[in-house]
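1. Provided below are the primary sequence and the corresponding predicted coordinates.
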Amino acid sequence: MTQLRTLCFVVCFLGSAALVGCSEPLPSDSSPGASAAGQDDAPDSPGVPSRHSSDERLASGESRTESHHTMPARAGAGPERPDAVDTVVGLLLARHTEDLPSRATLNQTRGARAALLWIAQNDPRLIVQGRALEALSLWPDDSSLRYLLSAAQETKSPPKIRASAWRALAAWDLEEHAELKAAATAAAMDPSVPVAYAAAQLLAQ
């Protein structure tokens, strides 16, 4: 009987020890360093900008300000729109080139020459700009010569506009204007076919 009691006591003691061992908390595998790393890898909270967002925007080229491209202003461009612009544009929109206005027709409209200059610089239609340039040759003076030569040599202008300016310059005698002849000789080698052709025609006249 004594042995039986002793055996029961031992069993109860061992069972209590096992229960105490099981009730202790398991040791955590995470360390302070691992916890910090976990915080770094955690996604940003909603509504809170990421600390990397500025660097990401700079790397992708984003900016708060948009760039605006501005076309270069042409020489002689004026801010005021002459009253005769609408009338002169109507004449320049003739269906056939033989119906384009003559000097006499343009003289019937007050301020026609100023309107032609404005149109050549500001009208959005290349055909209208080109016709305005060619119409300026109806006033074959030094002022028109300087303006047309400048337009013909403006490399930022479309080739059609430059070619129109060279055609307009046919109103001047090359032998009397050495600068014009030299410029036309150089333009005849222009990589743009319309420009080179118009300059070559001027030299061949």
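-> Okay, I see it.
2. buried ones in the helix or strand that contains Ala200?
-> For Ala200, the host element (DSSP states H and E) is helix 193-204. In terms of neighbour count (16 or more other CB atoms under 10 Å), helix 193-204 has its buried residues at Pro194, Val195, Ala196, Tyr197, Ala198, Ala199, Ala200, Leu202. Heads up, the C-betas are built off the backbone N, CA and C, glycines and all.
3. the fourth one touches Ala163, doesn't it?
-> Which is Tyr197. Yes - Tyr197 lies in contact with Ala163 (CB atoms under 8 Å); the separation is 7.2 Å.
4. and which of the buried residues of helix 193-204 is nearest Arg125?
-> Of all the buried residues of helix 193-204, Pro194 has the smallest distance to Arg125: 16.7 Å, by CB to CB.
5. list the helices and strands the one helix or strand Gly90 maps to packs on?
-> Using DSSP H and E, Gly90 sits within helix 85-92. Applying 3 or more CB pairs under 8 Å, 6 or more residues apart in numbering; DSSP states H and E, one finds that helix 85-92 contacts helix 103-107, helix 112-122, helix 126-136.
6. identify whichever of these lies nearest to Pro158.
-> Nearest of the helices and strands packed on helix 85-92 (CB to CB): helix 126-136, 6.0 Å.
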